[in-house]
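In: my questions are about this predicted structure, shown below with the sequence.
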Amino acid sequence: MAATLRELRERRNSVSTTMKITRAMEMIAASRVTRAERKAVGAEEYTLELRRAVSAVAAFSDTDHPLNSEHKQRNRSALLVISSDRGLAGGYPSNVNKAAEKILGRLKAEGIETDIYTCGRKAREYFEYRDVELAGSWEGFSEDPRYEHAEQIGELLMKRFLDGSAKDGIDEVHIVYTQFKSLVSQQTRIVRLLPLLIVDADDEDDTFDELLQSQRIGTGDDAKGIVPEYSFEPDAETVLDALTPMYIIDTIKFMLRESAASELASRQQAMHSATDNAKQLINDLTRQANQARQGEITQEITEIVSGADALSDGQEN
């Protein structure tokens with residue numbers, strides 16, 4: 001049944017109101033994404049320098065740090081899923097959830113139990129809806145994460161990893177986050193954060209699994225050439241013991257900021273597409289309303305002419 005002129009106008013007004021909202025959200029996301037991008041780039045530079053520092057110290061240390069050591073058995077894993085607090089960000093939350101399900105399926109196939117931690121309300125709601133018990137969750141800062149947020153998360157995960165085979169211990173830590181490449185390109189990644197993977201500097205990248213990337217600290221000759229040889233006080237092992245937790249926390253902060261920039265960029269794209277779709281729908285509804293109005297005018301003219309003819313025929317009789 002064709003819609004009436006009144007219904008078409010009401011739908012057009014409703015879509016117009018929605019378009020104003022999506023346009024405002026697009027502008028807000030656009031104003032925030034630039035700042036988030038700068039923070040992500042700045043975090044990347046600092047993280048790279050810290051990684052080089054840890055690599056340099058590891059090159060002169062003969063002691064294995066507990067955070068670098070593989071556990072004898074892999075019985076329990078921790079998975080941190082970094083998502084968004086709000087929706088209307090296109091496929092950003094769903095891509096993160098799909099990646100999380102992928103690594104969970106893989107770990108389950110290997111017989112490894114997994115404790116799930118979420119960062120962001122959308123990830124928490126996703127698992128709670130499926131009756132999955134969470135080991136912990138954080139939310140309220142997905143668009144503007146800070147060091148203290150990463151510190152809180154990192155200290156908890158490191159404590160559980162150092163507990164090892166204890167009742168509350170874990171043997172490895174995986175993180176699902178979204179890498180920010182550009183305003184139009186973001187990639188969901190899965191990274192094994194703990195234990196840190198110690199490799200020689202000349203190891204090939206293709207030795208690592210395409211799905212499960214690892215945080216690597218190089219200790220080969222190239223790593224020794226990163227910085228001049230230092231004299232460590234009190235010793236290299238103590239310096240490494242101080243730097244490694246800093247690196248873990250900073251890496252989490254970097255991933256949080258990358259995800260924040262990706263969320264805002266995805267929201268800007270989604271709201272831009274929604275605004276364009278609303279414009280097209282308004283044009284279609286306007287055309288249909290004009291056609292309906294023309295039909296009503298034609299019907300009114302026909303009724304007037306028919307009434308005039310009937311009146312004329314009555315007067316002649």
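Out: Right, received. Where do you want to start? Numbers count the residues shown, from 1 in each chain.

In: rest of the way, CA atoms for contacts and neighbours
Out: Fine.

In: Val57 contacts Val239, correct?
Out: Yes - the pair Val57 and Val239 qualifies as a contact (Cα atoms under 8 Å) at a distance of 7.3 Å.

In: more neighbours, those two?
Out: Between Val57 and Val239, Val57 has the larger neighbour count (other Cα atoms under 10 Å), namely 27 against 16.

In: elements contacting the helix or strand that that one is a member of?
Out: Assigning secondary structure by DSSP states H and E places Val57 in helix 5-59. For helix 5-59, the packing partners by 3 or more Cα pairs under 8 Å, 6 or more residues apart in numbering; DSSP states H and E come out as strand 212-218, helix 221-224, helix 236-316.

In: redo the ones you listed as TSV? Include mean pLDDT and distance to Gln186.
Out: Putting the helices and strands packed on helix 5-59 into TSV (pLDDT from 0 to 100; distance: least, Cα to Cα, whole Å) gives the following:
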stretch	mean pLDDT	distance to Gln186
strand 212-218	51	17
helix 221-224	45	30
helix 236-316	83	6
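
In: turn these into CSV, columns for distance to Leu194.
Out: Shown next, in CSV, are the helices and strands packed on helix 5-59 (distance: least, Cα to Cα, whole Å):
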stretch, distance to Leu194
strand 212-218, 8
helix 221-224, 20
helix 236-316, 8
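
In: for those, which one sits closest to Tyr92?
Out: Proximity to Tyr92 (Cα to Cα) singles out helix 236-316 among the helices and strands packed on helix 5-59, at 6.4 Å.

In: okay, the angle between that closest one and helix 5-59?
Out: Relative orientation of helix 236-316 versus helix 5-59 (axes from the mean of the first three to the mean of the last three Cα atoms, to 10 degrees): 170 degrees.

In: what is helix 236-316 packed up against?
Out: Right, helix 236-316 is packed against helix 5-59, helix 92-109, helix 147-163, strand 172-182 by 3+ Cα pairs under 8 Å, 6+ apart.

In: of those, flag the one that's most buried.
Out: Among the helices and strands packed on helix 236-316, ranked by average contacts under mean count of other Cα atoms under 10 Å, first place goes to strand 172-182 (a mean of 23).

In: strands paired with that strand, and their directions?
Out: Paired with strand 172-182 in the same sheet, following DSSP bridges, are strand 76-82 (parallel), strand 185-199 (antiparallel).

In: just say which of those is most tucked in.
Out: Greatest burial across those, using mean count of other Cα under 10 Å, falls to strand 76-82, with a mean of 24.

In: how about it as CSV, C-alpha atoms only?
Out: Output of strand 76-82 as CSV, limited to C-alpha atoms (Å, rounded to 0.1, in the frame of the first residue of the first chain):
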residue,chain,number,x,y,z
ARG,A,76,46.2,-21.5,31.4
SER,A,77,46.2,-18.3,29.3
ALA,A,78,44.9,-14.8,29.8
LEU,A,79,43.3,-12.9,27.0
LEU,A,80,42.8,-9.1,27.1
VAL,A,81,40.3,-7.9,24.6
ILE,A,82,40.5,-4.1,23.9
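
In: what mean pLDDT does that strand have?
Out: In this model, strand 76-82 has an average pLDDT of 93.

In: tilt between that strand and helix 92-109?
Out: Using the same axes, to 10 degrees, strand 76-82 lies at 170 degrees relative to helix 92-109.

In: how many degrees apart are strand 76-82 and helix 147-163 in direction?
Out: 170 degrees.

In: Asp171 contacts Asn68, doesn't it?
Out: No - with contact defined as Cα under 8 Å, Asp171 does not reach Asn68; the gap is 11.4 Å.

In: quick one: which of those two has more around it?
Out: Between Asp171 and Asn68, counted using other Cα under 10 Å, the more crowded position is Asp171 (23 against 16).

In: now the more buried one: phi and psi?
Out: Note on Asp171: backbone dihedrals following degrees, to the nearest 10 are phi -100, psi -10.

In: now the helix or strand hosting Ala123: average pLDDT?
Out: Here Ala123 is covered by helix 121-129, with elements defined by DSSP H and E. For helix 121-129, mean pLDDT rounds to 93.

In: what do you get for stretch 43-54?
Out: Confidence for stretch 43-54, expressed as mean pLDDT, is 80.

In: please name whichever of the helices and strands packed on helix 5-59 is nearest to Ala43.
Out: Within the helices and strands packed on helix 5-59, the stretch nearest Ala43 is helix 236-316; the backing value is 5.4 Å (Cα to Cα).

In: that closest one: how far from the chain's middle?
Out: The gap between where helix 236-316 is centred and where its chain is centred comes out at 23 Å by Cα atoms, centre = their mean, to the nearest Å.

In: Thr22 - nearest residue in space that isn't next to it in sequence?
Out: Distances taken as Cα to Cα, 6 or more residues apart in numbering put Met271 closest to Thr22, at 5.2 Å, once the chain neighbours are dropped.

In: tell me how many other residues surround the one you found.
Out: Neighbours of Met271 under the rule other Cα under 10 Å: 24.

In: settle this for me: it is touching Thr18, isn't it.
Out: No - using Cα under 8 Å, Met271 is not in contact with Thr18; the gap is 10.7 Å.
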